[in-house]
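In: no sequence for this one, just the structure:
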């Protein structure tokens, strides 16, 4: 059973299988339940309430609203919850394309974040949003969001990043994008920032992040927009200009491409 960090996955040609999504509400309440060995690996994200995961094989850990944990395939554990506990479960399997070996991120169930960073929880909320609508392309949107979630976790350094990796060569541009969402820089500007030719920068970025530099820059901007649409009454026109889009039409097009729904629909769901 190969156990690899996300950073090590960069050196593998990987494929995802058996990807699915479940949202469980308090009406599924069972005070304590012992799960048989699981058939797939999962991320569990707590939406409300509290729960505890225990087993003879690992130290118990506590989940509360905003917590995220990883459950590897074939895990047996006991799940104790309160009456308010609600969570979503993202199921998946990862395989090495060349060897067809299944890959795991940890040997036992593991608490990843007691409080999940906003950027990652926003991706999870986008997954919840697309699951609400039955439309063409939802599976592709779901897959791209799960990939984005993996690489965002990598950037938050929950998993170790090798110091000599190609990631370090583009890290400065990623940090800049994430800390300067109002930027209007081009790919050539980001390449210069990393002291790379534009073509080499594009190649490294796509290899490491599974998307182009400008696609990632747009994802960061849209994640920022999602937060403001949920927490403020900022006009879409104003938000579009603040984030450096040429016009609201461009902003709305990118927003729907990233999240699967329009900015107006997203705001109405807050």
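Out: Perfect, thanks for sending it. Treat the numbers as computed from the prediction; the structure is a model and nothing was measured.
In: can you map out the helices along this protein?
Out: With DSSP state H as the criterion, the chain has helices at 6-9, 118-132, 138-155, 167-179, 187-193, 198-209, 213-231, 236-242, 248-259, 263-268.
In: what about the longest one, average pLDDT?
Out: What that stands for is helix 213-231. Averaging pLDDT along helix 213-231 gives 85.
In: neighbours around the closest residue in space to residue 214 that isn't next to it in sequence, how many?
Out: Leaving aside its chain neighbours, residue 214 sits nearest to residue 187 (5.8 Å; criterion: Cβ to Cβ, 6 or more residues apart in numbering). C-beta here means a position set from N, CA and C on the backbone, and glycine is covered the same way. The number of residues packed near residue 187 is 17, by other Cβ atoms under 10 Å.
In: gap between residue 187 and residue 180?
Out: Per Cβ to Cβ, to the nearest Å, residue 187 is found 15 Å from residue 180.
In: poorly predicted segments of the stretch 1-150 of the chain, please.
Out: Scanning the stretch 1-150 of the chain for pLDDT under 70 picks out the ranges 1-2, 4-13, 23-31, 131-140.
In: about what we covered before: so which of the helices of the chain is nearest residue 44?
Out: Among those, helix 118-132 comes nearest to residue 44, with 10.6 Å by Cβ to Cβ.
In: contacts for that closest one?
Out: 21, 23, 45, 66, 68, 88, 90, 113, 116, 138, 141-142, 145-146, 148-149, 152-153, 156, 178, 223, 226-227, 258-261, 266, 269 (Cβ atoms under 8 Å, 6 or more residues apart in numbering).
In: let's have the helices of the chain in JSON lines, adding distance to residue 49.
Out: Conversion of these to JSON lines gives the following (distance: least, Cβ to Cβ, whole Å):
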{"stretch": "helix 6-9", "distance to residue 49": "29"}
{"stretch": "helix 118-132", "distance to residue 49": "16"}
{"stretch": "helix 138-155", "distance to residue 49": "22"}
{"stretch": "helix 167-179", "distance to residue 49": "31"}
{"stretch": "helix 187-193", "distance to residue 49": "42"}
{"stretch": "helix 198-209", "distance to residue 49": "34"}
{"stretch": "helix 213-231", "distance to residue 49": "21"}
{"stretch": "helix 236-242", "distance to residue 49": "33"}
{"stretch": "helix 248-259", "distance to residue 49": "26"}
{"stretch": "helix 263-268", "distance to residue 49": "25"}
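In: figure out which of those helices is closest to residue 96.
Out: Residue 96 lies closest to helix 6-9 among the helices of the chain, at 9.3 Å (Cβ to Cβ).
In: can you get me a residue count around the nearest residue to residue 207 once chain neighbours are set aside?
Out: Counting by Cβ to Cβ, 6+ apart, residue 207 lies nearest to residue 166, which is 6.6 Å off, once chain neighbours are set aside. Residue 166 is flanked by 15 other residues according to other Cβ under 10 Å.
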